[in-house]
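Engineer: Have a look at this prediction, sequence included:
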Protein chains: 2
Amino acid sequence: MNRSLSVRSGKASSTQTSPTHRKGFSFASLRGSIQPELSRRLYRLIKSTNNLISAHEAAGKERDTIARELSEWGEQTQDEAVSDISDKVGVILSELGVQEDNYAHNLDEARGVLKTIRNTEKSVQPSRDSKNKIADEIQKLKLKEPQSTRLVILEQELVRAEAENLVAEAQLTNITRKKLKEAYDAEFLAVIERAEKQIILAKHGRRLLDLLDDSPVTPGDSRRVYEGGGAARQVLNDAEDDLRSWDQNREEDFSTPKEDAKEINVVLSTAAPSTPVQADEGDEGSPDSSHHNEQIK
Amino acid sequence: MNRSLSVRSGKASSTQTSPTHRKGFSFASLRGSIQPELSRRLYRLIKSTNNLISAHEAAGKERDTIARELSEWGEQTQDEAVSDISDKVGVILSELGVQEDNYAHNLDEARGVLKTIRNTEKSVQPSRDSKNKIADEIQKLKLKEPQSTRLVILEQELVRAEAENLVAEAQLTNITRKKLKEAYDAEFLAVIERAEKQIILAKHGRRLLDLLDDSPVTPGDSRRVYEGGGAARQVLNDAEDDLRSWDQNREEDFSTPKEDAKEINVVLSTAAPSTPVQADEGDEGSPDSSHHNEQIK
């Protein structure tokens, strides 16, 4: 652990000016600067998560390349044992890559949950603004025309705006807490899934390596004939079986936590029986809500 | 699993022409093309492994950014519970990043072991070439001047070259098998270490999320006072303790497999008691043997 009990930088206000990434300008980074104050930080967080996802996707792809290159190198050694083991270790490495890619995909789903919070933040901003605007207007009018009949109307409007904002703020806190838990729980589960599956693969990978006799030969002596082919094939079968069991166990253990993601409206209606403000769930057409791949590539 | 029992493409000879990465030309990629035939494939594999390492380093850095952004977002929600939990989840995420970076570092050490094979391949090439050159010369001379006295000398040279090559080939097979096992065993151990430590972190991360009360509030009601601060701090302490125990257990369990890496000369001398050809271990000044960071950035 880095032994810190907080990752907060202390002067939070200074973070608005420091760019999160040294990436130069782009339409995406410019968009970030016109987000309403309330959703700006989460907007950045969602963008950084996209970078994280891309890094793991790249790692997954590279594993696949490495697997092929290792196998082909092994073949050209013209050593039957090295050829077979390197090919089968390649299969394990390639599957490590598949798991890395699955992980990226699961992170992307967790990232989608954060967008629900951001969209709610966006939708609450006008409610706050409108309430403040009316209060300001009342203040000004009281100074200029203390007897104006419009004051009564405005006071009524303010009460209505405050009621609406009360609902909006309740929705925001409800969505924020629920979705924050949901997003990072999904993320931690993704970490555990990748980890447990990759442990399975790595352990079987080590079994493959054990099949390679590395006792040194003296010049002129030939190696004993390689007889590990069947055993090596069995290791791959075992790895496949273990991964399949993992998936089956998960299906039995979990009551599919992803279904939670569809329950958003339940919370909304609990928070606001009168439902005057809907969290902006329909905002999925916003510029950055498309799947991250489309944005990056 | 991708259900394949081999990652080999079948026509191995075609791979020489297909570039491994669509990266355009660079000095590094040009260097790749002037490697001796014997070490060309491993050269590529080592380069791809470098890309893999960079991807995991990038992921580690991004985790750190995300941790800070999450914490700062939580602070601006002005919800004490969200602020505390997001900050502490940030600490866990940041530590996930540290583990990702450790993983990259361990992959880099495994990559270093592959270089030993590549250097030996490089050093064996001249021995093969020299043997073939003398054999060719004899062939030509036999046709041109069958009675030449030089033939006797050349035949003697050939016997010596063959003896030298016999040793070189024995060294190559010994180094190849030993170092192949060592490199990928180190890599699989690195996979397991990252996985086990990240499981620890993710499980404690989920405990943190459990401290966040997400039962919905109705508009106008205020949240119960957040009392999870002490418990959240304890979760971080537990995570730190568990990681420390992991490291201590490893120290007790393993007889430090990394020390193996220094035993190369033992194998060499076992294979070749007369030691005429040394595996080119001193080749660390070659263009790509510097730490991968220097190469990429």
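Structural biologist: Nice, thanks for sending it over. Quick caveat, the model's predicted, so the values are computed rather than measured. Numbering: from 1, shown residues only, chains lettered A, B, ... in the order given.
Engineer: give me the low-pLDDT residue ranges for chain A?
Structural biologist: For chain A, applying pLDDT under 70 flags the ranges A:1-3, A:10-35, A:254-297.
Engineer: now with 50?
Structural biologist: Applying pLDDT under 50 to chain A flags residues A:2, A:11-25, A:28-33, A:256-297.
Engineer: Without its sequence neighbours, what residue ends up closest to the residue positioned nearest the centre of it?
Structural biologist: In chain A, the residue lying closest to the centroid (CA atoms, centre = their mean) is residue A:107, at 3.0 Å. Once flanking residues are discounted, residue A:107 sits nearest to residue A:53: 5.1 Å by CB to CB, 6 or more residues apart in numbering or on different chains. No exception for glycine: its C-beta is placed from N, CA and C like everyone else's.
Engineer: From residue B:203, how far off is the residue nearest to residue A:239 when sequence neighbours are not counted?
Structural biologist: Using CB to CB, 6+ apart and skipping residues adjacent in sequence, the residue nearest residue A:239 is residue A:204, 4.0 Å away. Computed as CB to CB, to the nearest Å, the residue A:204 to residue B:203 distance reads 24 Å.
Engineer: So which of those two has more stuff around it?
Structural biologist: residue A:204 (25 against 17; other CB atoms under 10 Å in any protein chain shown).
Engineer: quick one: the residue nearest to the centre of chain A and residue A:200, what's the gap?
Structural biologist: 20 Å.
Engineer: unless I'm mixing things up, the residue nearest to the centre of chain A is touching residue A:56, no?
Structural biologist: Yes. With contact defined as CB atoms under 8 Å, residue A:107 reaches residue A:56; the gap is 6.9 Å.
Engineer: ok so, going back, the residue nearest to residue A:239 is in what secondary structure piece?
Structural biologist: helix A:150-210 (DSSP states H and E).
Engineer: Okay, buried residues for the helix or strand following that helix please.
Structural biologist: From helix A:150-210 onward toward the C-terminus, using DSSP H and E, the following helix or strand is helix A:229-253. Using 16 or more other CB atoms under 10 Å in any protein chain shown as the test for burial, helix A:229-253 gives A:232, A:235-236, A:239-240, A:242-243.
Engineer: and helix A:229-253 with helix A:150-210, angle?
Structural biologist: Here the directions of helix A:229-253 and helix A:150-210 differ by 150 degrees (axes from the mean of the first three to the mean of the last three CA atoms, to 10 degrees).
Engineer: where's helix A:229-253 relative to the chain centroid, distance-wise?
Structural biologist: 27 Å (CA atoms, centre = their mean, to the nearest Å).
Engineer: list the helices and strands that helix packs on?
Structural biologist: The elements that helix A:229-253 packs onto, with contact taken as 3 or more CB pairs under 8 Å, 6 or more residues apart in numbering or on different chains; DSSP states H and E, are helix A:80-144, helix A:150-210.
Engineer: As a markdown table, those with distance to residue B:147 would be great.
Structural biologist: Shown next, in a markdown table, are the helices and strands packed on helix A:229-253 (distance: least, CB to CB, whole Å):
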| stretch | distance to residue B:147 |
| --- | --- |
| helix A:80-144 | 44 |
| helix A:150-210 | 56 |
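Engineer: May I have the phi/psi pair for residue A:78?
Structural biologist: When quoted as degrees, to the nearest 10, the phi and psi of residue A:78 stand at phi 60, psi 30.
Engineer: Neighbours of it, how many?
Structural biologist: 8.
Engineer: got a list of what it touches?
Structural biologist: Residues near residue A:78 by CB atoms under 8 Å, 6 or more residues apart in numbering or on different chains: none.
Engineer: Kindly list the main-chain dihedrals of the residue nearest to residue A:224 when sequence neighbours are not counted?
Structural biologist: Distances taken as CB to CB, 6+ apart place residue A:213 nearest to residue A:224, at 6.8 Å, with adjacent residues excluded. Backbone geometry at residue A:213, expressed as degrees, to the nearest 10, gives phi -70, psi 110.
Engineer: So residue A:213 sits against residue A:81, correct?
Structural biologist: Yes. Judged on CB under 8 Å, residue A:213 makes contact with residue A:81 at a distance of 6.8 Å.
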